[in-house]
Structure formats: structure tokens, C-alpha cells
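S.K.: Give me a 3D structure for the following:
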Amino acid sequence: MKLKSKYPHLFSKLTEEVDEVRYLVVVDKNFNDVDSDEFDAIDPEDYNYLVYITQRLQDAMGEGIMVEFIKKLESHKDVALFYLSEIDLYGIQTDLEDEAIEKMVLEIVESLVA
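M.R.: Here you go, the predicted structure:
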């Protein structure tokens, strides 16, 4: 199923065409990388995934919805631990896998922009 038909409210807010989730949200496994200090604050032993919200998605949500989004993500039933590193970067502890986390994020956004 196409993203646009799954998340019509979100896609009505986007200013340009998007055909892949990675243009909206990036989900990466968090692991100890001795060569990188970029995510030092997000300990891999506490937070097994990093979630990055792209500028495109931030713009679609706007500041007010972005704040609500963070609250909903933090309190989501599938998120055991949540760390707000920056407005667009979070560490989460979850049993979900990459695609399920992307879906969770987009479903939260869809519910808020509706």
C-alpha cells in the first residue's frame, strides 16, 4: 500500500512528494560505535533504537504538533524508555523492529494532523 493512502492527513501537509519513509523518519539500531561520539548521550544499553524526525516531517507537523507528538511517542505502550536528545532525535527502548517503529511514528503523526 502506498504511503499517501495510508497517511492521507499527513501527506496533505507535505509540501513535496515523498515515496519512501526515510524522507520522513529514520530509525536506526543504537550500538556502541567507538569511532563516533555523535550519539554518546543515548546509551545503547538503555535505548536500543535512535529515531530521527526529518525536517520535512517537522515542517508538516509544525511546532505545536511536534510537542504533542513527542509526548505521545514517549507515552506509547510499545516504548519502554524514551530519551529526548534534541527536538528531532530520540532514543527509545522497544521490542519493536525498524519498520514497526516507523509505522508507530507515522500513525502518531497521522492522528495528530487529522
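S.K.: For Asp46, list the residues it contacts.
M.R.: Taking CB atoms under 8 Å, 6 or more residues apart in numbering, we find Asp46 in contact with Leu81, Tyr83, Gly91, Gln93. To be clear about C-beta, it is placed using only N, CA and C from the backbone, and glycine gets the same treatment.
S.K.: Quick check, pLDDT for the first one.
M.R.: What it means is Leu81. The per-residue pLDDT reported for Leu81 equals 97.
S.K.: what does Val27 give?
M.R.: For Val27, the predicted pLDDT is 97.
S.K.: I'd like to know how many residues surround it.
M.R.: 21 (other CB atoms under 10 Å).
S.K.: just checking, it touches Asn48?
M.R.: No. Counting by CB atoms under 8 Å, Val27 sits too far from Asn48 to count as a contact (10.7 Å).
S.K.: Could you check how far Val21 is from Val79?
M.R.: 18 Å (CB to CB, to the nearest Å).
S.K.: I misspoke; the intended subject was Val67.
M.R.: In terms of CB to CB, Val67 sits 17 Å off from Val79.
S.K.: do Asp19 as well
M.R.: Counting by CB to CB, the gap from Asp19 to Val79 is 27 Å.
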